[in-house]
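Undergrad: this is a predicted model, with the sequence first.
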Amino acid sequence: MVFVYTGKGRRQAQNDDAPPEQRKCAKQACAIQWCLAKRDHKEHLCKNFIDDWQDCCEKARAVAALEAAAAADKKVADGKGAK
């Protein structure tokens with residue numbers, strides 16, 4: 001089970017139905033929170049962390065889209081697609 005930072009030292013279990021970018025990019029999201037907390041919430045000082053997170057999200061969405069397309073193709077090939 002993956003845990004996500006929720007503030008004040010509390011940890012909360014991540015939902016299994018969370019979007020792919022939330023599940024796969026939690027490390028980068030936590031790095032952003034850490035950076036903002038250390039640098040008085042000045043986003044321009046944490047730009048590299050934010051860019052890393054955005055890149056991760058884009059990659060996660062692309063992989064999820066490919067997986068969904070492959071699953072749809074498999075259904076059609078198996079004859080289980082919509083008629």
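TA: That came in fine, so what should we check first?
Undergrad: same for the helix or strand hosting Ala37, what does it pack against?
TA: Element membership of Ala37 [criterion: DSSP states H and E] is helix 26-38. Secondary-structure packing of helix 26-38 (3 or more CB pairs under 8 Å, 6 or more residues apart in numbering; DSSP states H and E): strand 3-5, helix 47-77. From N, CA and C alone the C-beta is placed, and that goes for glycine too.
Undergrad: can you give the distance of it from its chain's centre?
TA: Its chain's C-alpha centre and that of helix 26-38 lie 13 Å apart, by CA atoms, centre = their mean, to the nearest Å.
Undergrad: got the angle for it vs helix 47-77?
TA: Orientation note: helix 26-38 sits at an angle of 160 degrees relative to helix 47-77 (axes from the mean of the first three to the mean of the last three CA atoms, to 10 degrees).
Undergrad: just the mean pLDDT for helix 26-38, thanks.
TA: For helix 26-38, mean pLDDT is 94.
Undergrad: which helix or strand contains the residue nearest the centre of the chain?
TA: Closest to where the C-alpha atoms of the chain average out (CA atoms, centre = their mean) is Glu21, at 1.9 Å. Glu21 is part of helix 20-24, with elements assigned from DSSP H and E.
Undergrad: using CSV, write out every CA atom in that helix.
TA: Taking C-alpha atoms only, helix 20-24 is exported to CSV below (Å, rounded to 0.1, in the frame of the first residue of the first chain):
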residue,chain,number,x,y,z
PRO,A,20,-2.4,7.0,-12.5
GLU,A,21,-0.5,10.2,-12.1
GLN,A,22,-1.4,10.4,-8.4
ARG,A,23,-0.3,6.8,-7.8
LYS,A,24,2.9,6.9,-9.8
